[in-house]
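Novice: sequence first, then the predicted structure:
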Amino acid sequence: AEYTDQVKSSGPTEEQRATLDEWAARKEPKANAKPDENEKTILHIEDTHDYQGRSFLVAPKDHEVNLYNTEPPEKCFLPKKLLHTWDAHNKGVAKVILFPKTGHLMLSCGMDSKIKLWEVYGKRRCIRTYAGHAKAVRDIVFSNDGSKFLSASYDRMINCGTRKQGMFVEVYNQEDTVLCTVSSG
């Protein structure tokens, strides 16, 4: 017993299907998406290699501290004076981490949505600025070998950057705000 104007389709109409597809595309996390055009890095130094041809990524050996020594020092002292202040973030700094094992580079993330790579020894200058987040960067972490770093932001994005090429290689879009990042490799 069918009605004269009965429709036998139980699915959504074409207009409803288009709306549902648009909503699903916005809601679905985009793992390994290509980086945005707004993501850029700025190299602040002219001399990426020293007079011996070593990159700034190589730990320096011409300082009074042996950065490759795994033994703790015999004596440790509290600092008595301020040696240097790194200032380049326009707003507050959320986190500062040192390079794994040697500590010759420092990575900082700030509320100005930028990540900065710093030289700890020598000239103590800002080496590179990474700009790729739309909102404040909450957390950063180096990989164990120091070749990559992860950054988490209030824009619900996790970016994986390389310190050598100075670019983000992977971008992960999350449904919720990411509070922290952990690297296992």
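Specialist: Cool, got the structure. Residues are numbered from 1 along each chain as shown.
Novice: for the most centrally placed residue in the chain, list the residues it contacts.
Specialist: In the chain, the centroid-proximal residue (C-alpha atoms, centre = their mean) is Ser151; its distance is 3.1 Å. Counting by C-beta atoms under 8 Å, 6 or more residues apart in numbering, Ser151 touches 109, 115, 130, 132-133, 137, 139-140, 158-159, 161, 181. Using the backbone N, CA and C atoms, a C-beta is placed for each residue, glycine as well.
Novice: cool, Arg156 as well?
Specialist: So Arg156 contacts 173-178 (C-beta under 8 Å, 6+ apart).
Novice: which residues in the protein form strands?
Specialist: Shown for the chain, the strands assigned by DSSP state E span residues 40-43, 93-98, 105-110, 114-119, 126-131, 137-142, 148-153, 157-162, 167-173.
Novice: how about residues contacting stretch 51-60?
Specialist: Residues contacting stretch 51-60 (C-beta under 8 Å, 6+ apart): 45, 48-50, 67-68, 99, 102, 104-105, 119, 121-122, 127, 163-164.
Novice: so which of these is the closest to Leu78?
Specialist: Distances from Leu78 to the contacts of stretch 51-60, taken as C-beta to C-beta, are shortest for Tyr121 (20.3 Å).
Novice: relative to Ser147, how far out is that closest one?
Specialist: 20 Å (C-beta to C-beta, to the nearest Å).
Novice: same deal with Asp87?
Specialist: From Asp87 to Ser147 the distance is 27 Å (C-beta to C-beta).
Novice: more crowded one of these two?
Specialist: Taking neighbours as other C-beta atoms under 10 Å, Asp87 and Ser147 compare with Ser147 leading, 14 against 8.
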